[in-house]
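>>> need coordinates for the below:
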Amino acid sequence: MPKTKTHSGAKKRFSVTGTGRVKREKPYHGHMLTSKTKKRKRSLRQSTLVSKTEDYKIKMLLGQ
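Okay, here's the model as predicted:
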């Protein structure tokens, strides 16, 4: 069976943790930051995990 190619967009946006979950950055932290509260901007800095229902789809794109 041939190897599957990694999706170029997915490899730039997602990474797999040591336990096998998929990590992603939060959106909406690029521009128009003056209208957002400090608390909201602070929480957007942290990365988060992809939901368990989407894990399989992202791992397929990453070739895992």
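>>> for the rest of this, base every contact and every neighbour count on C-alpha atoms.
Fine.
>>> distance check, the residue lying closest to Val22 once chain neighbours are set aside against Pro27.
Computed as Cα to Cα, 6 or more residues apart in numbering, the closest residue to Val22 that is not its neighbour in sequence is Val16, at 4.5 Å. As judged by Cα to Cα, to the nearest Å, Val16 and Pro27 stand 18 Å apart.
>>> comparing these two, which shows the higher neighbour count?
Val16 (17 against 9; other Cα atoms under 10 Å).
>>> show the pLDDT at that one.
If you check Val16, the pLDDT there is 96.
>>> list the buried residues of the helix or strand hosting Asp55.
Element membership for Asp55, per DSSP states H and E: helix 52-62. Within helix 52-62, the residues that count as buried by 16 or more other Cα atoms under 10 Å are 55, 58-59, 61-62.
>>> bridged to the one residue sitting closest to the centre of the chain, which residues?
With distances taken as Cα atoms, centre = their mean, Arg24 lies nearest the centre of the chain, 2.0 Å away. Per DSSP bridges, residues listed as beta-bridge partners of Arg24: Phe14, Thr48.
>>> separation between it and Thr37?
According to Cα to Cα, Arg24 and Thr37 sit 22 Å apart.
>>> tell me who's in contact with Ser51.
With contacts defined as Cα atoms under 8 Å, 6 or more residues apart in numbering, Ser51 has no neighbours.
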